[in-house]
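In: Pasting the sequence and the predicted coordinates here, then a few questions.
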Amino acid sequence: MLAIFAKSLLIGYSGAVMPGSLLAYVIDRSIRKGGNSGVLATVGHALLELAVVIALILGADVLLTSNVAQIVIGIAGGTFLCWMAYAMIRDALKNRLIIESATVSLKKDNPIFKGAVLSGSNPYFLIWWAIIGLSLIIEAYAAFGIIGVLVFYVGHILADFTWYMLVSYGVSKTRRFINPKVHRIITGVLGAAVLVLGFSFIIRAIILI
């Protein structure tokens, strides 16, 4: 169970540190309103992910127990992880980690609601959960049932909260994002770790054939 928690935490960090509209919004709001308000956006993100996990469990009973599905999703998830790791390492080495602007405009700037909207409007978010997230849920469910899925979810959102708390409070105090060089190093190291996990997904799926 500790392995599931550690894996979900690591993969969660790999997604959290990548630049995107949610990160841009957290930085902008933290500068204007303080660290606490920036973290609230992560609450919306986490609630959306909880809904996704529940939906996957309720609609994927066959997938959670099917050997064929575990093989297909394992290979797909591992391949996607390897691609993501390659992109992380490449962007870190070439200094391409550019923070995009948060383009979603809402009349009422509710950080929890906007955190969910920005996450749900990101195509990468849906692809990640359909492939990698489902692979991890299947693995956790096969090992420990619903408790395993809960451990996976806690590990995943812990990565989101710790990263965005670091960003929110750091930005609110210094009025700037963390050192770009440090961000590149963190992303590159995580990319290497995710590459190993991606290969492990593929190997485990091939063993089941």
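Out: It's in.

In: Tell me who's in contact with residue 10.
Out: Going by Cβ atoms under 8 Å, 6 or more residues apart in numbering, residue 10 touches 159, 190, 193, 194, 197. In short, each C-beta sits where N, CA and C put it, glycine included.

In: Where does it sit, in terms of helix or strand?
Out: Here residue 10 sits within helix 2-16, counting by DSSP states H and E.

In: buried ones in that helix?
Out: Buried positions in helix 2-16, judged by neighbour count with 16 or more other Cβ atoms under 10 Å: 4, 5, 7, 8, 9, 10, 11, 12, 13, 14, 15, 16.

In: Same check on stretch 116-131?
Out: Buried-residue list, stretch 116-131, by 16+ other Cβ under 10 Å: 116, 117, 118, 119, 120, 122, 125, 128, 129, 130, 131.

In: Repeat that for stretch 158-168.
Out: Neighbour counts using 16+ other Cβ under 10 Å place 158, 159, 160, 161, 163, 164, 165, 167, 168 of stretch 158-168 among the buried residues.

In: Spatially nearest residue to the first one, not counting backbone neighbours?
Out: In this structure, residue 158 finds its nearest non-sequential neighbour in residue 9, 6.0 Å apart by Cβ to Cβ, 6 or more residues apart in numbering.

In: for the fourth one, same thing?
Out: Once its chain neighbours are removed from consideration, residue 161 has its nearest residue in residue 42; the separation is 5.5 Å (Cβ to Cβ, 6+ apart).

In: Could you give the number of residues near the one you found?
Out: Using other Cβ atoms under 10 Å, residue 42 is surrounded by 25 other residues.

In: Let me know the average pLDDT across the helix or strand just after the helix holding residue 10.
Out: Sequence order places helix 21-33 as the next helix or strand after helix 2-16, per DSSP H and E. Per-residue pLDDT over helix 21-33 has a mean of 76.

In: Mind jotting down where the helices sit in this protein?
Out: 2-16, 21-33, 35-59, 61-65, 67-93, 111-120, 123-128, 134-174, 180-208 (DSSP state H).

In: now the nearest residue to residue 187 once chain neighbours are set aside: how far from residue 192?
Out: Leaving aside its chain neighbours, residue 187 sits nearest to residue 92 (4.4 Å; criterion: Cβ to Cβ, 6+ apart). Distance, residue 92 to residue 192, using Cβ to Cβ, to the nearest Å: 10 Å.

In: more crowded one of these two?
Out: residue 92 (21 against 13).

In: ok, the closest residue to residue 194 other than its chain neighbours to residue 143 distance?
Out: In space, residue 194 comes closest to residue 85 once its chain neighbours are excluded; the distance is 4.1 Å by Cβ to Cβ, 6+ apart. Distance, residue 85 to residue 143, using Cβ to Cβ: 24 Å.
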